[in-house]
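>>> I need the structure of the sequence given here:
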Amino acid sequence: MKQLFILFIFTMNFLAQAELVWQTKKVNLKSKLGQKIVKVSFVVSNPTSTDVKITSGKVSCDCMYLTSKFPLIVKAGQKANLDAEYDTTGKLGLNRGRIMLNVAGKKETLLVEIEIPTDVTISPRFLIWKAGSRNLKAVNVQINPDWQGSIDKVSL
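Here you go, the predicted structure:
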């Protein structure tokens, strides 16, 4: 019975050592028009009495990369930042990515959502008339207020 109690205490101590508390596990960001790199940061705290090591991390896409160095050690009773950057080149609309971490042998996943604006949106993209039809059709053109360009010509 004594051995079982010691094993229980040892196991509880080990589990407590690897327990980190994330301020949030999902970030929702909006990039500015023309912004190429969006900085992403997660805050993590270690409420335990021992240091916890995040041994490695990887991202789910080539458009995001981790700027934090590994292993990342979160000191006992302290906070740390896990930082990444998202490259918006060639991307529009809502983009999602994941950061997968190895925290003291346990897997942890953080989610990133970034809304990337467009300069001009035209809808619908195509208009189709049936032969002989004289019905009016409308096109909606929305211009982002931050866009510095101009529309010089519209053709049908």
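
>>> heading toward the C-terminus, what's the first helix or strand past the strand or helix carrying residue 27?
Per DSSP states H and E, residue 27 falls inside strand 26-30. Remark: after strand 26-30, the chain's next helix or strand is strand 37-45, criterion DSSP H and E.

>>> Can you show me the helices along this protein?
Counting by DSSP state H, the segments of the chain that form helices are 2-17.

>>> Mind jotting down where the strands sit in it?
Counting by DSSP state E, the chain has strands at residues 21-22, 26-30, 37-45, 52-59, 64-66, 72-74, 79-87, 93-103, 106-116, 120-123, 140-143.

>>> Quickly run through the sheet partners of the first one, with directions.
Yep, that's strand 21-22 we're talking about. Sheet pairing of strand 21-22 (DSSP bridges) gives strand 37-45 (antiparallel).

>>> ok, residues contacting the strand it pairs with?
20-25, 27, 29, 31, 64, 74, 78-88, 99, 110, 112, 114 (Cβ atoms under 8 Å, 6 or more residues apart in numbering). Glycine gets a C-beta too; all of them are placed from N, C-alpha and C.

>>> can I assume residue 76 is in contact with residue 20?
No: using Cβ atoms under 8 Å, residue 76 makes no contact with residue 20, being 11.2 Å away.

>>> Those two: which is more packed in?
residue 20 (20 against 13; other Cβ atoms under 10 Å).

>>> Does the residue nearest to that one when sequence neighbours are not counted have any beta-bridge partners, and if so which?
Using Cβ to Cβ, 6 or more residues apart in numbering and skipping the chain neighbours, the partner closest in space to residue 20 is residue 44 (5.0 Å). Partner residues in beta bridges with residue 44, using DSSP bridges, are residue 22, residue 80.

>>> Quick one, grab the pLDDT at residue 44.
Looking at residue 44, its pLDDT stands at 97.

>>> OK, contacts around the spatially most central residue of the chain?
Closest to where the C-alpha atoms of the chain average out (Cα atoms, centre = their mean) is residue 112, at 1.6 Å. Counting by Cβ under 8 Å, 6+ apart, residue 112 touches 26, 27, 29, 40, 64, 84, 86, 96, 97, 98, 99.
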